[in-house]
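Engineer: Sequence plus predicted model, see below.
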Amino acid sequence: MALYYVINKMIPGQRLWHKEGINPEDALSIPIYINHIDTGKTFIENFKEHQPSKVIMTLGTNSVSYMEKDFFIKNYKKLIMGIKEVSPKTTLIIQAISPVAEFVDENGKITNDKINKFNYYILEMCSELKVPFLNSAEVLKDEEGHLKEGYYETKGGQAGIHLSREGQRLIFEYAQNHAVIE
């Protein structure tokens, strides 16, 4: 999971709030990193301290393999409401879960069908909470709905799941062209 803290312009690798493999439940209580430095504080505690002006949040890729919709959304709502409570002036934008490569999708744990369903649940949640939803997944998909080749990491245990530099660049470009007017 990653948060991209945005002030004026999105720059890849800058102002990154993250904790690899975190889910909505853990995001409420586990300390995170900012620019790869352990803060010892949760997302909500960091929002309270830093009061960022605009944030794009991505959460849930690994969660789709084992979490039930209601549990996922309940905890995601708690996180968003907690952030809004401690940092009310922050424009919080929730980004879609990215698709995965075809070979990951065929594995059956994290599938693009599940991701599409979870993105729909996230969209419904955003509508209910009046939080903008950024459907960046659409720009990453090939004709069959898989993560396009070249947009995913090819090495390691998360190959086909995490975005490559090119995939990240595309997401930043997409976000810049789909601005939220305040």
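Structural biologist: Cool, got the structure. These numbers were taken from a predicted model, which means no experiment stands behind them.
Engineer: Tell me the spacing between the residue positioned nearest the centre of the chain and G108.
Structural biologist: The residue lying closest to the centre of the chain (Cα atoms, centre = their mean) is T58, at 0.7 Å. Look at T58 and G108: by Cβ to Cβ, to the nearest Å, they are 23 Å apart. No exception for glycine: its C-beta is placed from N, CA and C like everyone else's.
Engineer: repeat for F71
Structural biologist: For F71, the distance to G108 - Cβ to Cβ - is 20 Å.
Engineer: Over to S136?
Structural biologist: Applying Cβ to Cβ, one obtains 24 Å for the distance of S136 from G108.
Engineer: neighbour count winner among these two?
Structural biologist: S136 (21 against 9; other Cβ atoms under 10 Å).
Engineer: Can you check what pLDDT the model gives the more buried one?
Structural biologist: Looking at S136, its pLDDT is 93.
Engineer: what's the following helix or strand after the lowest-mean-pLDDT helix or strand in the chain?
Structural biologist: None of the helices or strands of the chain scores lower by mean pLDDT, DSSP states H and E than strand 2-6, at a mean of 42. Note on strand 2-6: by DSSP states H and E, the next helix or strand toward the C-terminus is strand 16-18.
Engineer: How far does that following strand sit from its chain's centre?
Structural biologist: Distance, stretch centre to chain centre, for strand 16-18: 10 Å (Cα atoms, centre = their mean, to the nearest Å).
Engineer: Which other helices and strands does it contact?
Structural biologist: Applying 3 or more Cβ pairs under 8 Å, 6 or more residues apart in numbering; DSSP states H and E, one finds that strand 16-18 contacts strand 2-6, strand 33-34.
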